[in-house]
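**Q** for reference, the sequence and a predicted model appear below.
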Amino acid sequence: MAVNKNIVLAITGASGAVYAVRLLEVLVAAGYDVHLSISASGRDVIREELELQIDLDHFQATDLLLGEAAGAGDSRIEMLKTAAGISSEDSNVLSVSQGRPGEIHYYHYRDTSAPISSGSFLTRGMVICPCSGTTLSAVANASSSNLIQRAAEVHLKERRPLVLVPRESPLSLPQLDNMRAATAAGAVVLPASPGWYQGVQTIRDLVDFIVGRICDQLDIENTLIRRWGS
């Protein structure tokens, strides 16, 4: 049986856009087809944190400086060097390559007729990275109002992996309750809290720790982090 190469990635309006851009790069480089959606708030955070202008109505991969999907690879992390202080030369972590690069398929967050809104569209899983408190609440309470939230509901009802990557700190009781409810419904809540035991030398090492752990949840082989005890 062929391995499903479809992964849904949603970028919403929480701090930590660098995690999403790096994850997108790694997934494409590893041969996975990424079905991408970006909320309006997600676009605003990308502009604020990475100084990149995203046109949600006419999105191109070059908006994220990824170039053509076929050219996406580890070298593209250069774009983060100036935007987020990440060095691509000094990092002690590596990306993983699995043959042909994947492709990026973009859907507007208001396009509720997109393929990812239906359970009949098969995927390996979905990641919301970063995951805003508003999105978390909608997922936890099954109250979707856009494509991203609907796609998350689909993954829960179809019992497919759904990884939520919140970055808020500190957390309110309602947010904790929403995380508990989302976890009870089948999602994995993976806070953007990188570990320091893997020999951190650069910011990229911290970014790759979270990206590597996300890949682990999707059962995607990677060498992004040094494993404990290795």
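**A** Ah, there it is.

**Q** if I look at residue 119, how far off is residue 4?
**A** Separation of residue 119 from residue 4 (CB to CB, to the nearest Å): 14 Å. Yep, even glycine has a C-beta here, placed from its N, CA and C like the rest.

**Q** any common contacting residues for the two?
**A** Counting by CB atoms under 8 Å, 6 or more residues apart in numbering, residue 119 and residue 4 have no common neighbour.

**Q** for the chain, what spans make up the helices?
**A** 17-29, 40-50, 78-84, 133-140, 147-157, 173-185, 203-217 (DSSP state H).

**Q** out of these, which comes closest to residue 105?
**A** Smallest distance to residue 105 across the helices of the chain (CB to CB): 11.0 Å, for helix 17-29.

**Q** number of residues surrounding the closest residue to residue 111 other than its chain neighbours?
**A** Spatial nearest neighbour of residue 111, chain neighbours left out: residue 147 (5.6 Å); criterion: CB to CB, 6 or more residues apart in numbering. Neighbour count for residue 147, taken as other CB atoms under 10 Å: 22.

**Q** can I assume residue 147 is in contact with residue 118?
**A** No - with contact defined as CB atoms under 8 Å, residue 147 and residue 118 do not form a contacting pair (11.0 Å).

**Q** what is the neighbour count of residue 10?
**A** 28.

**Q** how near is it to residue 20?
**A** From residue 10 to residue 20 the distance is 9 Å (CB to CB).

**Q** same check, this time on residue 47
**A** 13 Å.

**Q** which secondary element of the protein has the worst mean pLDDT?
**A** helix 78-84 (a mean of 44; mean pLDDT, DSSP states H and E).

**Q** picking up where we left off before, name the residues contacting each of residue 10 and residue 20.
**A** 42, 129.

**Q** model confidence score at residue 225, please.
**A** pLDDT recorded at residue 225 is 86.

**Q** let me redo that: residue 99
**A** Reported pLDDT for residue 99: 68.

**Q** residue 137: neighbour count?
**A** Residue 137: 17 surrounding residues under other CB under 10 Å.

**Q** do residue 167 as well
**A** 18.

**Q** show me the contacts for the nearest residue to residue 177 once chain neighbours are set aside.
**A** Nearest non-adjacent residue to residue 177, counting by CB to CB, 6+ apart: residue 140, 7.8 Å away. The contact partners of residue 140, taken as CB under 8 Å, 6+ apart, are 177, 178, 179, 181, 182, 185.

**Q** I figured the third one hits residue 189, correct?
**A** Looking back up the chat, that one is residue 179. Yes - Residue 179 is within contact range of residue 189, at 4.8 Å (criterion: CB under 8 Å).

**Q** what's the overlap in contacts for the two?
**A** 164, 166.

**Q** mind listing what the residue nearest to residue 111 touches?
**A** 37, 107, 108, 109, 110, 111, 112, 114, 116, 117.

**Q** contact partners for the spatially closest residue to the last one that is not a sequence neighbour?
**A** Right, the one you point to is residue 117. In space, and not counting its chain neighbours, residue 117 is closest to residue 150: 4.9 Å by CB to CB, 6+ apart. By CB under 8 Å, 6+ apart, the contact list for residue 150 reads 112, 117, 144.

**Q** no further queries at this time; thank you.
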